[in-house]
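[1] please work out how this folds:
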Amino acid sequence: MAKIAPSILAADFANLGADVTDICGRGTDYIHVDVMDGAFVPNISFGSAVMKSLLGYATVPFDVHLMIEAPDRYIEDFVTDNTEFITVHYEACSDLAATLKHIHDLGVKAGVSIKPGTAPEVLDDFLDDIDLILVMSVEPGFGGQKFMDNSLPKISYYAEKKKEKGYSYIVEVDGGVSSKNAHIVREAGIDLIVAGSAVFKAADRTAEIAAIKGVE
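    Numbers count the residues shown, from 1 in each chain. Below is the predicted model:
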């Protein structure tokens, strides 16, 4: 069974607090916070103030995904008592080792994400210092995209490395996953699944979350 982190990017922003409270009571493990800067990715989403406004509504930890250039400038803004992971993009960091240390020094777990066109081997030298690896199964910056099958070998690569070398990181996938195809990422060895529209637009959110996680 996998864990799930619904992305609030697909929530109803006019009722964001209520939406977050609702999914927290339906088997959600994390709240996925997608931050876009309009530079690293084409779209702009929201900043830390929106995330912090949910502190009274979220009963599960924040899983923060910074799709921004030079993320060290803003990492501290997303540190709260409810923040478990802050994930940066390999492609956006000039000194990934220093960025990972920056996150850890703030008392938060450090994640690294790779885009669909990035080879999984680029993280080999950093695996001891990574708490979460986020494999993008769509191009970052847009919701509602179709799942890209080339993410599956990357998920398996990191899952096998973890088992072989005894690493402790979590393998996460983000993009185009729903109850219809979640079984293929679970079979590839995924630990944590990000789902946006599939959860927030579902007629039965509880059933959708359970199906994505693989709850029997």
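
[2] the protein: strands as residue ranges?
    With strands called from DSSP state E, the chain shows them at 3-6, 31-36, 62-67, 83-89, 109-114, 132-136, 170-174, 192-195.

[3] now the ones you listed in CSV, with mean neighbour count?
    Where C-beta positions appear, they are placed from N, C-alpha and C, glycine not excepted. Shown next, in CSV, are those (neighbours: other C-beta atoms under 10 Å):
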stretch, mean neighbour count
strand 3-6, 26
strand 31-36, 24
strand 62-67, 27
strand 83-89, 25
strand 109-114, 23
strand 132-136, 26
strand 170-174, 25
strand 192-195, 26
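
[4] make CSV out of these and add distance to Met148 and mean pLDDT.
    Rendered in CSV, the data for those read as follows (distance: least, C-beta to C-beta, whole Å; pLDDT from 0 to 100):
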stretch, distance to Met148, mean pLDDT
strand 3-6, 19, 98
strand 31-36, 17, 97
strand 62-67, 16, 98
strand 83-89, 16, 98
strand 109-114, 12, 98
strand 132-136, 8, 98
strand 170-174, 10, 98
strand 192-195, 14, 97
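
[5] and of these, who's closest to Ile23?
    Closest of the strands of the chain to Ile23 is strand 3-6, at 5.2 Å (criterion: C-beta to C-beta).

[6] for the closest one, C-alpha coordinates in CSV please.
    Extracted in CSV, the C-alpha atoms of strand 3-6 (Å, rounded to 0.1, in the frame of the first residue of the first chain):
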residue,chain,number,x,y,z
LYS,A,3,0.6,6.8,0.9
ILE,A,4,-1.1,9.7,-0.7
ALA,A,5,-0.5,13.5,-0.8
PRO,A,6,-3.4,15.3,-2.5
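
[7] who touches it?
    Applying C-beta atoms under 8 Å, 6 or more residues apart in numbering, the contact partners of strand 3-6 are 23, 27-32, 63, 172, 191-196, 199-200, 209, 212-213.

[8] which ones are touching Gly214?
    Met1, Ala2, Ala182, His183, Arg186.

[9] next: Val138.
    Val138 is in contact with Pro116, Gln145, Lys146, Phe147, Met148, Asp174, Gly175, Gly176, counting by C-beta under 8 Å, 6+ apart.

[10] in terms of pLDDT, where does it sit?
    Per-residue confidence at Val138 stands at 93 (pLDDT).

[11] the chain should start at 514 in everything you say after this.
    Got it, the first residue is 514 from now on, which makes the last one we talked about Val651.

[12] ok, it to Leu522 distance?
    12 Å (C-beta to C-beta, to the nearest Å).

[13] count of neighbours near the closest residue in space to Leu665 that isn't next to it in sequence?
    Nearest residue to Leu665 in three dimensions, chain neighbours excluded: Ala701, at 4.8 Å (C-beta to C-beta, 6 or more residues apart in numbering). For Ala701, the neighbour count with other C-beta atoms under 10 Å is 20.
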